[in-house]
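Colleague: sequence isn't available, so here's the structure alone:
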DNA sequence: CTGAAAGCGCTTACAG
DNA sequence: CTGAAAGCGCTTACAG
């Protein structure tokens, strides 16, 4: 019913060989303008679209890439809207190059066999860890990859990341500049993620620079999620009296944190200042609006596609690593600490 | 480098024909346990994965579906996290059936040629309108489709939607029950979307039931986005004094609206109550937390995949339309109106 | 139970 | 400039 027509039908109707039809479609070989026009007309009339599977069977490339995103838990992708912005960027980048994007959530058990089976042209991999099983498997597939936010030490890998350290530094310096000295940091699982630990390093650098010594008990650890942020507030306990600011290493956790503080009767920023990280879509409209480190997530996705396609097409530039900039956006969730 | 090995190599090593290898892989035909074991062993050792393109070339099905989402504007998908939740649902539903999901953003200019080219097994289409060009084109492709939130009148189409009317009714009734009588409604573009207009119908029904007559000037129209909601508040003008509650037909617009009201010096819920719709991930943590109409978005995506796969595999049940339930979640953004 | 062969729809040398 | 033919990696009748 759908795609019954093939290159053969076109050839028959246009009175040429299938080779010629193929040449016309691909602009390859030498075809007279006249023949080309004739063939194109027939293609147009029959609304013929070449079979991607037949092509891919010959070419060995599929014009298909996948964006690989880690699962938060059994079979369900993270609910952080950050991923959606990234995916939007990838989609828009790919569509300009006639490449389609498969969305793939993975667990550690993923075997990636379908990547081979489908002859995927390449992979955009979000947030894998150096020592993870997933990373090992992905590398062993041997197809073009771009790693996002992954901080892999192997410099032969293509990577797109953010200047997370600078972001951590800027956020902390902002708080210090306002007069804060007792600044807690709300992190995700540190060991697992280069992103988190780089932001944390930036935090430490700002502290050092200001001559403030770090306190291990100022580290709050929780899931990078709204709920995680909320729980962190609940577990604050007596720490609440000793700190005047919290740097949350992601906006989603800052969002939950602020609500948690609110439920504790603590006002932001009057009692405690909060800085986030990412500048996701809603931060500007929160009450109070969130001071945060801004990154262009959509652009990050687009950049990753570009790098991947350059790699696939062999038009790659020598640089294998793109580090995207961050900036501080000051809003209402931060202010000078109360005088005590 | 990657997938050089084929069924032929397996056949050679296992000392059988390629037909036998194929039969072993697919569990078709009759193969002795012994041969099967031998072949399986070789497949295992060589980590052989059959070529999806070769299969699809024969079968005419690709085990590939697409989720089709409208663009908000030139080449960029909507930033509403609602879509992310939907996509997550679709991904998880598909992965259980060894089907991969392509993400496709479309504009009215989309020609869907790649759907034919790739032999997609089916499409999950989100939010198209009865009279749109996109809908016409999609129908003409002639492949299995499930339409989400589309309110298409053609009853031969498979559709998954929400009981939007009931949601609108519940939300409004809740406000009326609190004592509100002057209830504005914040809508998206009415004519374009069945979803919006059904929610609005529910609003009207609740008003009628309570003997409250509708006022045309209580309709606030804005983009279904955070920014749209914010703008709506800015344009409120003198209306602010005449109403005591606003029913926003989406959470994102409610989120912007509340911020907008805040900037106007209006408190929620003390001065104006606000109800949202969708119950997206953050509503519970907002300050004030948002009273809203809850739907299970992830489940909606899963439901759509299930219906699509049933249709593709011919195991479809007679019902072509699934209407998912809604419920009211009362939180802090609504209260009784002030006595005047 | 097993294999030889045709064919899915393309592309790509290779002749002419 | 154009066409005949091989081959990509599978599946599927059809023999045996």
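Modeller: Arrived safely, thanks for sending. It should be emphasised that the depicted structure is a prediction, and the values quoted were computed from it without experimental measurement.
Colleague: nearest to chain B within the stretch 1-150 of chain A, name that residue for me.
Modeller: residue A:84 (3.5 Å; C-beta to the nearest C-beta). The C-beta positions use only the backbone N, C-alpha and C, and glycine is treated the same way.
Colleague: I'd guessed that residue sits against residue B:78; true?
Modeller: No: using C-beta atoms under 8 Å, residue A:84 is not in contact with residue B:78, being 9.2 Å away.
Colleague: for these two, indicate the residue with more neighbours.
Modeller: With neighbours defined as other C-beta atoms under 10 Å in any protein chain shown, residue A:84 and residue B:78 compare such that residue A:84 has more, 27 against 22.
Colleague: and the pLDDT for the more buried one?
Modeller: Note on residue A:84: pLDDT of 91.
Colleague: okay, and it sits in which element?
Modeller: Using DSSP states H and E, residue A:84 sits within helix A:81-95.
Colleague: next secondary structure element downstream of that helix?
Modeller: Counting by DSSP H and E, the element after helix A:81-95 in chain order, helix or strand, is strand A:100-106.
Colleague: in its sheet, what does that following strand sit against?
Modeller: strand A:64-73 (parallel), strand B:100-106 (antiparallel) (DSSP bridges).
Colleague: out of those, which is closest to DNA strand C?
Modeller: strand A:64-73 (15.5 Å; C-beta to the nearest atom of the strand).
Colleague: what's the neighbour count on residue A:169?
Modeller: Neighbours of residue A:169 (other C-beta under 10 Å): 23.
Colleague: let me fix that, I meant to ask about residue A:174.
Modeller: 21.
Colleague: using the three-state scheme, assign it.
Modeller: helix (DSSP: H, G, I helix; E, B strand; the rest coil).
Colleague: give me the phi and psi for the residue lying closest to residue A:29 once chain neighbours are set aside.
Modeller: Nearest in space to residue A:29, with sequence neighbours left out and distances taken as C-beta to C-beta, 6 or more residues apart in numbering or on different chains, is residue A:23 at 3.9 Å. When quoted as degrees, to the nearest 10, the phi and psi of residue A:23 stand at phi -60, psi -40.
Colleague: what sits against residue A:23?
Modeller: A:29-31 (C-beta atoms under 8 Å, 6 or more residues apart in numbering or on different chains).
Colleague: what pLDDT does the model give it?
Modeller: For residue A:23, pLDDT reads 93.
Colleague: ditto for the one 4 residues further on
Modeller: According to the per-residue confidence, residue A:27 scores 89 in pLDDT.
Colleague: also residue A:229?
Modeller: Looking at residue A:229, its pLDDT stands at 96.
Colleague: name the nearest residue to the residue nearest the centre of chain A, sequence neighbours excluded.
Modeller: The geometric centre of chain A, computed from its C-alpha atoms, lies nearest to residue A:86 (C-alpha atoms, centre = their mean), at 4.6 Å. Closest residue in space to residue A:86, ignoring its immediate chain neighbours: residue A:301 at 4.5 Å, by C-beta to C-beta, 6+ apart.
Colleague: please verify my assumption that that neighbour contacts residue A:82.
Modeller: No: at 10.6 Å, residue A:301 does not count as touching residue A:82 under the criterion of C-beta under 8 Å.
Colleague: quick one, which of these two is more surrounded?
Modeller: Taking other C-beta under 10 Å, residue A:301 and residue A:82 do not tie; residue A:301 has more neighbours (27 against 24).
Colleague: in a helix, that one, correct?
Modeller: Yes: per three-state DSSP, residue A:301 lies within a helix segment.
Colleague: could you tell me which residues make contact with it?
Modeller: Contacts for residue A:301 (C-beta under 8 Å, 6+ apart) come out as A:85-93, A:124, A:148.
Colleague: list only buried entries from those.
Modeller: Taking 16 or more other C-beta atoms under 10 Å in any protein chain shown as the criterion, what is buried in those is A:85-93, A:124, A:148.
Colleague: about what we covered before: so among the contacts of residue A:23, which ones count as buried?
Modeller: Buried subset of the contacts of residue A:23 (neighbour count, 16+ other C-beta under 10 Å): residue A:31.
Colleague: pick out whichever of the contacts of residue A:23 sits closest to residue A:168.
Modeller: residue A:29 (56.5 Å; C-beta to C-beta).
Colleague: quick one: the closest one is in a strand?
Modeller: No: membership of residue A:29 in a strand is not supported by three-state DSSP, which gives coil.
Colleague: would you turn the contacts of residue A:301 into TSV with distance to residue A:238?
Modeller: Formatted as TSV, the contacts of residue A:301 follow (distance: C-beta to C-beta, whole Å):
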residue	distance to residue A:238
A:85	37
A:86	38
A:87	42
A:88	43
A:89	43
A:90	45
A:91	47
A:92	48
A:93	49
A:124	44
A:148	39
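Colleague: among those residues, which pair sits farthest apart?
Modeller: Pairwise distances across the contacts of residue A:301 (C-beta to C-beta) peak at 15.4 Å, for the pair A:92 and A:148.
Colleague: count of neighbours near residue A:244?
Modeller: Burial of residue A:244 is recorded as 23 neighbouring residues (other C-beta under 10 Å).
Colleague: go on, residue A:226?
Modeller: Residue A:226 has 25 nearby residues by other C-beta under 10 Å.
Colleague: so it versus residue A:194, what's the distance?
Modeller: 23 Å (C-beta to C-beta, to the nearest Å).
Colleague: residue A:38 too?
Modeller: Separation of residue A:38 from residue A:194 (C-beta to C-beta): 58 Å.
Colleague: just how off-centre is stretch A:310-328 within its chain?
Modeller: Offset of stretch A:310-328 from its chain centre (C-alpha atoms, centre = their mean, to the nearest Å): 14 Å.
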